[in-house]
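Asks: pasting a predicted model and its sequence here:
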Amino acid sequence: MLRILFFSGLLLVCTLLTAQSDRLLHNDRVEARNNPTSINPEWGPFFHGVASGDPLEDRVIIWTRVTPESMSNEPVDVNWFVATSPNLDNIVQTGTYTTGPERDYTVKVDVEGLEPGQTYYYVFSANGAYSLIGKTKTTPIAGQASHLRFGVVSCSNFQAGYFNAYKRLSERTDLDAIIHLGDYIYEYADGGYGDSTLTSNRPLEPANEIVTLEEYRARYSTYRLDTALARAHQQHPFIAVWDDHESANDAYTDGAQNHTEGAEGSWTDRKAVAKQVYFEWMPIRENADESIYRTIRYGNLMDLIMLDTRLEGREEQILDVTSPELYSPERTLLGNEQKAWLFNELSTSQAKWKVIGQQVIFSQFNVGWAALIDPSGPSFQELESIFLDIWDGYPAERAQIIDYLSTEEIDNVVVLTGDFHSTFAYDVTAEPVDLQFQEVPGVGTLPFYNPSPTYDPASGSGAVAVEFATPSITSANFDENLDAPTAAVFQGQINNPINFPPLSLGNPNPHMKYTDLIQHGYFLLDITEEQAQADWYFSIISQVTNEEAFSEGWYTAENANRLQQAGAPAAPKGVQDIPAPNEPPVVINQVKAEHRKPSGSLAILAAYPNPFNSVNTLHYSLSRHEEVRIMLLDIGGKPVRELLHEGLQPGVYSLQLDAQSLPTGTYIYQIQAGGQTYTAQVVRK
């Protein structure tokens, strides 16, 4: 009976595995554009909140976006202040940043001259108003830190669910930073990838798949209006890297699965646009070559080595395990320059722990055994070929990295992974199993996962590092791509011996010590001199909730290079930070804000492209129900066309203007709502 249940479950798993290759769910297009994720009037004109990131011992990036009072393309001067206390009574750095349409009115300042290992609070001011106060932290110097804690996240699909994990992380008061491993946004069209029961409450802007500069900007704008995400950015610095969906699904250096050359322009242009907007909207330090691999040092306790396994040097995926080219020693995911840099960072590190933050599963992920169920279904090779966007698709380069750790005797390496929408904890080893195919009379050829000659899963002998994979914030995992019972069957079998009475085929993944294919959330990475521990926390995503649950914790002891299960979550820090206040301040340094919030309930977020040829999009948000009238005026103020006149619920909206019949010239959107009038000027070329 158990065997029947197991293999009937696997029949469905084959469908799941195939679906996971692009992880795309198709839903009906949402027509209603009301969205509870709307502007907070009290935050204006800084509706997108504040953020910080890429801390160093003497500096940190601070970020905001100012929404201009009119779309006249005029520059805006934004003042910034950094202090040592949440009430900002001890300002240590201040300055002015001029922003404008060339960078989508975002503000990013690399604040220098700070003290190491210190908590700071920062705020912006413009148009007579103050932003939220943000909290950030510099990195410690050698001998200053004995305990570090990080939230580790990835894969936040806006339409798949609510960002409860971000909110829970914002409430923690002992984190040094949040490490985001990519898929911060998704490029798909509204209703194209997510939970169809939630799309009406969380519509995307723009509604189409994003390709152009203005469309990528509008998508980031939509995400950053989410209060849970805004609170996480407010309370903690982010250390982030992109994965594929910040540009397009399954991207590599010269293309992407979800990019059609010609029909969607050139990949070179689209990639450049995606990078530009990422640097505009994310609190990441920029450099001349737009690379994002970098090391952030936390004294002599930890080096955080962040990689780009997506755009920097990745060759195109080969989705065929039988292809000889897949195993070429020249094949690369990192690119030669980044790989040489990684080896140098590892060998010269003076830190106890070398933590590698990267995007895709590093360890072997053996799934071909699921082909046993049906001779007419996918073969062993076909199932294995599905999962070659991960390091399994670049085996020679992975072997080079493992060999380097072994031959150079580099201990205490921890690999952090996102992308896969699932939880894993691995011993990293060169050969977790000895796979052999044997002919079984009356059955056929079967895969036997024999014990590895170089790795002992009981003792961990042969492991050179450990790997922790974070689940998605919301993006669909195994149960949502198929169903919970089947996902549970697969979860229970993936790292246990396969019984095929009277035979045992062995454990396909003995190096996989912990897995969860169903839950969403994050893990906390806790670093001390003695050990590095990951504690997983899960929460639901179908509704807003304040609840989360601890699942399991796994750790590696100093110089052990193998995993052990923890008996309890790691203890919090002895000293907790004071969180930043929930609302913007009224007075800073005895200077009172001219107004605490805008008087109206509507904000024009963007009008793009500007100038435009035939179609222009007006992107705006309402904080309460209003009767809204939108007119198009010529430059002299004469009405040209009524574009909208109806009652709208709170939310984020877009209106598309088809101007093919209009002559070239300057036009003005005039929006009336709640007794107020708002304008935006655009130019038709």
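Replies: Structure's in. What do you need?

Asks: for the residue positioned nearest the centre of the chain, give its distance to residue 558.
Replies: A centroid search over the chain (Cα atoms, centre = their mean) returns residue 184, at 2.9 Å, as the residue closest to the centre. Applying Cβ to Cβ, to the nearest Å, the value for residue 184 to residue 558 is 33 Å. All C-beta spots, glycine's among them, are computed from the backbone N, C-alpha and C.

Asks: all strands for the stretch 451-600 of the chain, in order.
Replies: Using DSSP state E, counting those that start in this stretch, the strands found in the stretch 451-600 of the chain span residues 463-469, 499-500, 503-504, 512-516, 520-528, 531-539, 549-557, 564-565, 587-588, 591-592.

Asks: what's in contact with the third one?
Replies: Taking Cβ atoms under 8 Å, 6 or more residues apart in numbering as the criterion, the residues outside strand 503-504 that touch it are 440, 446, 497-498.

Asks: pick out the most distant pair among these.
Replies: 440 and 497 (16.4 Å; Cβ to Cβ).

Asks: got TSV for the strands of the stretch 451-600 of the chain, with distance to residue 453, mean pLDDT and mean neighbour count too?
Replies: Formatted as TSV, the strands of the stretch 451-600 of the chain follow (distance: least, Cβ to Cβ, whole Å; pLDDT from 0 to 100; neighbours: other Cβ atoms under 10 Å):
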stretch	distance to residue 453	mean pLDDT	mean neighbour count
strand 463-469	14	99	26
strand 499-500	23	86	15
strand 503-504	19	92	12
strand 512-516	19	98	21
strand 520-528	32	99	26
strand 531-539	28	99	23
strand 549-557	23	99	18
strand 564-565	23	99	14
strand 587-588	66	78	16
strand 591-592	71	66	12
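
Asks: distance to residue 198 for those - can I get that in a markdown table?
Replies: Supplementary listing: these in a markdown table, determined by distance: least, Cβ to Cβ, whole Å:
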| stretch | distance to residue 198 |
| --- | --- |
| strand 463-469 | 25 |
| strand 499-500 | 40 |
| strand 503-504 | 43 |
| strand 512-516 | 22 |
| strand 520-528 | 13 |
| strand 531-539 | 15 |
| strand 549-557 | 21 |
| strand 564-565 | 35 |
| strand 587-588 | 39 |
| strand 591-592 | 41 |
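
Asks: of these, which is nearest residue 381?
Replies: Going by Cβ to Cβ, the one of the strands of the stretch 451-600 of the chain nearest residue 381 is strand 499-500, 19.0 Å.

Asks: strand partners (parallel or antiparallel) of the closest one?
Replies: For strand 499-500, the paired strands and their directions (DSSP bridges) read strand 503-504 (antiparallel).

Asks: just give me how far the strand it pairs with sits from the chain centre.
Replies: For strand 503-504, the separation from the chain centroid amounts to 41 Å (computed by Cα atoms, centre = their mean, to the nearest Å).

Asks: try stretch 138-158
Replies: Using Cα atoms, centre = their mean, the distance between the centre of stretch 138-158 and that of its chain works out at 15 Å.

Asks: could you give the average pLDDT over that stretch?
Replies: Mean pLDDT, taken over the full extent of stretch 138-158, equals 98.

Asks: pull the CA atoms of it into PDB?
Replies: What follows is stretch 138-158, C-alpha atoms only, in PDB (Å, rounded to 0.1, in the frame of the first residue of the first chain):
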ATOM      1  CA  THR A 138      27.300  50.200  10.100                       C
ATOM      2  CA  THR A 139      29.400  47.000  10.100                       C
ATOM      3  CA  PRO A 140      31.800  46.300  13.000                       C
ATOM      4  CA  ILE A 141      35.600  46.300  12.900                       C
ATOM      5  CA  ALA A 142      37.900  43.500  14.000                       C
ATOM      6  CA  GLY A 143      37.300  42.500  17.600                       C
ATOM      7  CA  GLN A 144      34.000  44.500  17.900                       C
ATOM      8  CA  ALA A 145      31.400  41.800  17.100                       C
ATOM      9  CA  SER A 146      30.800  38.400  18.700                       C
ATOM     10  CA  HIS A 147      27.200  37.900  17.600                       C
ATOM     11  CA  LEU A 148      25.600  38.700  14.200                       C
ATOM     12  CA  ARG A 149      22.000  38.100  13.000                       C
ATOM     13  CA  PHE A 150      20.500  38.500   9.500                       C
ATOM     14  CA  GLY A 151      17.200  37.900   7.900                       C
ATOM     15  CA  VAL A 152      17.600  36.000   4.700                       C
ATOM     16  CA  VAL A 153      14.800  36.300   2.000                       C
ATOM     17  CA  SER A 154      14.100  35.900  -1.700                       C
ATOM     18  CA  CYS A 155      11.300  35.600  -4.300                       C
ATOM     19  CA  SER A 156       8.600  38.100  -3.400                       C
ATOM     20  CA  ASN A 157       5.900  37.900  -6.000                       C
ATOM     21  CA  PHE A 158       3.400  40.700  -5.400                       C
END
